[in-house]
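J.: how does the following fold in three dimensions:
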Amino acid sequence: MKCYLASGADSAPGIRRFGIGAGSTVLFVTTASEAEGPGPFAWLDRDRAGLQSTGATTRDFSFTGRSEVEIDEALAAVDAVWCAGGNTYYLLDQINRSGARSAIERFVAGGGVYAGSSAGAIIATPDIEPVAEADQRDAAPGLVSTAGLGFFDRFIAPHADCEELAAWHEQIRATTAADDVVFLRDDQALVIDGTACAIVTEV
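T.: Predicted coordinates for the structure are as follows:
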């Protein structure tokens, strides 16, 4: 399994660690941003630019309204999938509704790279519920389960150096065992390659 779970756009170029660069194509999933309004959104532009700085080609895509077959076909044509930030609940809901969960699992099992920033990193964890203080759950009123993709065995709290989210981070520290959460600054990412796992700083 190959996963690159980033906090912010600053670390996007670090996906080079998995050979993603010139000649590669990344499926750039904007689904999470749909719950935030019509855009444009600066974080999407920064993530996309960071990926493109590696020489990779990005292909914008949304899981919303797609079938599992369509998502399988889209993933079959790329080397990595990057789920960008936005509303975590909405992103997870659309992943479940569309069949993207199974499609992504097959993609990763077949050697594809799963990557994401912020909400896209959080959904790779066992359960997204700790995001409740930072995100609006009413963006996904039909969401039944908060179970994430489970690619990493602890919760990821992104933007650990963001003062606007300081209260949320303190709430997580107060309610979650230290061994059950990883805090990532915007210049950091969690890299999973097989059984190896490490936090790296990309500058």
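J.: is the residue nearest to residue 145 when sequence neighbours are not counted part of a helix or strand, or is it coil?
T.: In space, and not counting its chain neighbours, residue 145 is closest to residue 96: 7.7 Å by CB to CB, 6 or more residues apart in numbering. Where you see a C-beta, it was placed from the backbone N, CA and C, and this is true even at glycine. Secondary structure state of residue 96, per DSSP: H, G, I helix; E, B strand; the rest coil, is helix.
J.: could you point out which residue ranges in this protein have low pLDDT?
T.: 203 (pLDDT under 70).
J.: for it, what spans make up the strands?
T.: When assigned using DSSP state E, the strands of the chain occupy the ranges 2-6, 25-29, 57-61, 80-83, 113-117, 155-157, 181-183, 188-193, 196-201.
J.: any chance of the ones you listed in TSV with mean neighbour count and distance to residue 106 as columns?
T.: Formatted as TSV, these follow (neighbours: other CB atoms under 10 Å; distance: least, CB to CB, whole Å):
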stretch	mean neighbour count	distance to residue 106
strand 2-6	26	14
strand 25-29	22	14
strand 57-61	16	16
strand 80-83	27	12
strand 113-117	28	11
strand 155-157	23	23
strand 181-183	19	26
strand 188-193	22	17
strand 196-201	12	22
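J.: need the ones you listed in a markdown table with distance to residue 145, can you?
T.: Putting the strands of the chain into a markdown table (distance: least, CB to CB, whole Å) gives the following:
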| stretch | distance to residue 145 |
| --- | --- |
| strand 2-6 | 21 |
| strand 25-29 | 20 |
| strand 57-61 | 24 |
| strand 80-83 | 18 |
| strand 113-117 | 19 |
| strand 155-157 | 16 |
| strand 181-183 | 20 |
| strand 188-193 | 23 |
| strand 196-201 | 25 |
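J.: many thanks, I have nothing further to ask.
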